[in-house]
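In: All I have is the shape, not the residue letters:
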């Protein structure tokens, strides 16, 4: 799931994920994302637009497993997706781990 209040950012990631054969689920805010989580199967991965003027260490202290700054480099994103989801098959769905 991608949570970002900027519709352009969500649209870019949706296009990128679709090109990579990854099912995209997007939300424009945290409450909407929580509602999706309650109504759907668990997600393996959640990508959150986190407005923090900090470095990786602050993000890790906040409980994040990894960090990419904007603008997102597609190769860096692909590397992180492979790191957490493996190579997987096409149309892999990004789902949150329980």
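Out: Nice, thanks for sending it over. Just so we're clear, the structure is a prediction, and the values are computed from it rather than from any experiment. Residues are numbered from 1 along each chain as shown.
In: which residues in this structure form strands?
Out: Taking DSSP state E, the strands of the chain run over residues 2-3, 22-23, 26-27, 47-48, 92-93.
In: which stretch in those strands has the least confidence?
Out: The weakest mean pLDDT among these belongs to strand 92-93, with a mean of 48.
In: which residues touch the most centrally placed residue in the chain?
Out: Among the residues of the chain, the one closest to the centroid is residue 47, at 2.2 Å (CA atoms, centre = their mean). When contacts are counted by CB atoms under 8 Å, 6 or more residues apart in numbering, residue 47 touches 1-4, 13, 94. All C-beta spots, glycine's among them, are computed from the backbone N, C-alpha and C.
In: repeat that for 10 Å
Out: Listed by CB atoms under 10 Å, 6 or more residues apart in numbering, the contact partners of residue 47 are 1-4, 13, 17, 26, 66, 68, 72, 77, 80-81, 94.
In: Which two among those residues are spaced furthest apart?
Out: The span of these, defined through CB to CB, is set by 26 and 66 at 19.2 Å.
In: which of these two has more neighbours?
Out: residue 26 (19 against 14; other CB atoms under 10 Å).
In: got the contact list for that one?
Out: 1-4, 7, 9-11, 13-14, 17, 32-33, 36, 47 are the contacts of residue 26 under CB under 10 Å, 6+ apart.
In: Of those residues, which count as buried by neighbour count?
Out: For these, a burial check counting by 16 or more other CB atoms under 10 Å picks out 1-4, 9-10, 13-14, 17, 33, 47.
In: Check the residues you listed and tell me the two furthest apart.
Out: Top of the distance list for the buried ones among the contacts of residue 26 (CB to CB): 17 and 33, 16.2 Å.
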